[in-house]
Every structure is written in C-alpha cells, then in structure tokens.
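Student: Could you work out the structure for the sequence below:
(one chain, ligands or ions: 1)
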Amino acid sequence: MTIPRQPIAHRAPPKRAPRTRAPHVAPGPVSLEEVREEAQDCQACPLWANATQTVFGEGPEHARIMLVGEQPGDQEDRSGHPFVGPAGRLLDRALQEAGIERDMVYVTNAVKHFKWEPRGKRRMHKKPGEGEIAACHQWLERELQLVAPALVVAMGATAARALLGRATPIEANRGHLSAFAGEMQILVTVHPSYLLRVPDDARASAYARFVQDLKLAAPFAERFSDRNGNA
Ligand code: URA
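Tutor: Got it, this is the predicted structure:
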C-alpha cells in the first residue's frame, strides 16, 4: 500500500528510532493486549512522528458495543486514552442519557495517532486523510476481530469511511441499524465533536438527536459477560 507522504508542520524530533517499514501484524488469534502493545510502535503513516503516543481502544475485551471515533485529540494524545477530552465528556453524558454505561462499551478511533498543526501555542486538530485512515485500518480490523461486538457505532465521517470503506454521508445514513461484516450490525451517527461546534440555537436539538441515535444501541448494552450466560 502506498501511503502518501504529507508535509508535517512543526515536526518534533522523533521519540523513537524510525523504522523503515510498517509493523507486521501477526495473522493468528492473539490477544487484544498483544495487539495494543504492537500498535505502540506503529509507523505505518507519518502521524506517529508528531504524536506523543498511539492511543489504542479501551473497554471490555468482549464488549457487545464498539464505538468508533475519528482520532485522538490533544488530551487523548497526552493521556493515552480515547475520548477523555471535551468530546469524551459529551459522549459520556449522551451515553448515560441513552441508558448505556461507558464501562460496558469498547471505545476506539479510526486513526490512532493525533494529527495536528501548530496555531500559536496550540495544537490544532487536523482531519486525517484517506492514506492515514487506510494505514491505520489494520488496527481497527484487529480490534473488530478480537472484540467481535454485536454492534459497531460509527461516529462521524472518518469512522464511517474507515468501517464501510467508502464516503458515507452521515445525515442520509444515520439513525438506523444495518448489517455489517457478517454477524455484526452498524449504526452511523454524528461525531460528538460536531455537537461542540453546532451554533448555540441548534445545539440542544442536535444533541437530542445524537442521544436518540445512541438509544438504538442501548438494547445491545447488556453486560458483556452475559453473552455466555454468566453474571
Ligand atoms: N475525538 C475522537 O474522535 N476521538 C477521541 O478519542 C477524542 C476526540
């Protein structure tokens, strides 16, 4: 796969010795922990060089619901955990209102390094490109294989593209479940960061629609251990 090289503004000195090729992902069944470990060294696209660390998915290994966002933001990049910044707090609130406990879902991103450009002293989010989404797909694929959720929630256009492999307009595709990759189902909805940017007068209704979408996921949110009939 040819990964387009993009100019990286404000390139920080590499924190690790550069590798010459993408890391090999073992084809056999390995644990999520092993894949997470391997992803820490990923240099399959140039984003690793300016990011603090790989931000891998988190949540129960056999969660029934997997939420997929775009890429870690500033706070996620610093902390190493997905959805812990402003978008994460909004997501937590919406999940709760939809009747879903966050600790029951597996939360991850289509792209696992923070893409940003400097603006003054701030690191401004930059949308990942198709090459970066494609380069990172190996990790999302392994997460899907190993977690094997019943429902995948694509939050925003980048997640929908990564999961469905094509540009997917959110408005036309949100709010219903569709069959996805064999036994799974997929729900497309907006990204929580979008709700932070909606003008004040439209924010409450946009948020209510997001919660409404998430309510479609609530029936999947039984305790992950219940899958085997255990408490
Ligand atoms: N936005 C995302 O898409 N993912 C995060 O982890 C945080 C913000």
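Student: who in the chain is up against the ligand?
Tutor: The interface of the chain toward the ligand, taken as C-beta under 6 Å from any ligand atom, is made up of 69-73, 76, 82-83, 85, 87-88, 109, 193. The C-beta positions use only the backbone N, C-alpha and C, and glycine is treated the same way.
Student: Compare those and tell me which has the most neighbours.
Tutor: Pro72 (31 neighbours; other C-beta atoms under 10 Å).
Student: hang on, isn't that one packed against Val55?
Tutor: Yes. Assessed by C-beta atoms under 8 Å, Pro72 is found in contact with Val55 at 3.8 Å.
Student: May I have the beta-bridge partners of the residue of the chain found nearest the ligand?
Tutor: The nearest approach of the chain to the ligand comes at Gly69, 2.8 Å away (C-beta to the nearest ligand atom). Beta-bridge partners for Gly69, by DSSP bridges, are Asn109.
Student: Where does pLDDT dip in the protein?
Tutor: By pLDDT under 70, the weakly predicted segments of the chain are 1-29, 223-231.
Student: Could I get the full set of helices for it?
Tutor: 32-39, 74-79, 86-97, 130-147, 157-164, 170-173, 192-197, 200-215 (DSSP state H).
Student: quick one, which of those helices is nearest to Ala179?
Tutor: helix 157-164 (11.6 Å; C-beta to C-beta).
Student: could you say what helices and strands that closest one packs with?
Tutor: The helices and strands touching helix 157-164, judged by 3 or more C-beta pairs under 8 Å, 6 or more residues apart in numbering; DSSP states H and E, are strand 65-69, helix 130-147, strand 151-155, helix 170-173, strand 184-189.
Student: how far is the last one from where the chain is centred?
Tutor: Same thing as strand 184-189. 13 Å (C-alpha atoms, centre = their mean, to the nearest Å).
Student: now the angle from that strand to strand 151-155?
Tutor: Strand 184-189 runs at 20 degrees relative to strand 151-155, counting by axes from the mean of the first three to the mean of the last three C-alpha atoms, to 10 degrees.
Student: Same check on the second one?
Tutor: Compare the direction of helix 130-147 with that of strand 151-155 by the same axes, to 10 degrees and you get 160 degrees.
Student: Using CSV, write out the CA atom coordinates for helix 130-147.
Tutor: Provided in CSV are the C-alpha atoms of helix 130-147 (Å, rounded to 0.1, in the frame of the first residue of the first chain):
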residue,chain,number,x,y,z
GLU,A,130,-7.5,8.7,3.3
GLY,A,131,-3.9,7.4,3.3
GLU,A,132,-3.8,7.7,7.1
ILE,A,133,-7.2,6.1,7.6
ALA,A,134,-6.0,3.2,5.3
ALA,A,135,-2.7,2.8,7.1
CYS,A,136,-4.4,2.6,10.5
HIS,A,137,-7.1,0.2,9.3
GLN,A,138,-5.1,-2.9,10.3
TRP,A,139,-5.5,-2.0,14.0
LEU,A,140,-9.3,-1.3,13.7
GLU,A,141,-9.6,-4.6,11.9
ARG,A,142,-7.8,-6.5,14.7
GLU,A,143,-10.0,-4.8,17.3
LEU,A,144,-13.1,-5.8,15.4
GLN,A,145,-11.9,-9.4,15.1
LEU,A,146,-10.9,-9.7,18.7
VAL,A,147,-13.7,-7.8,20.4
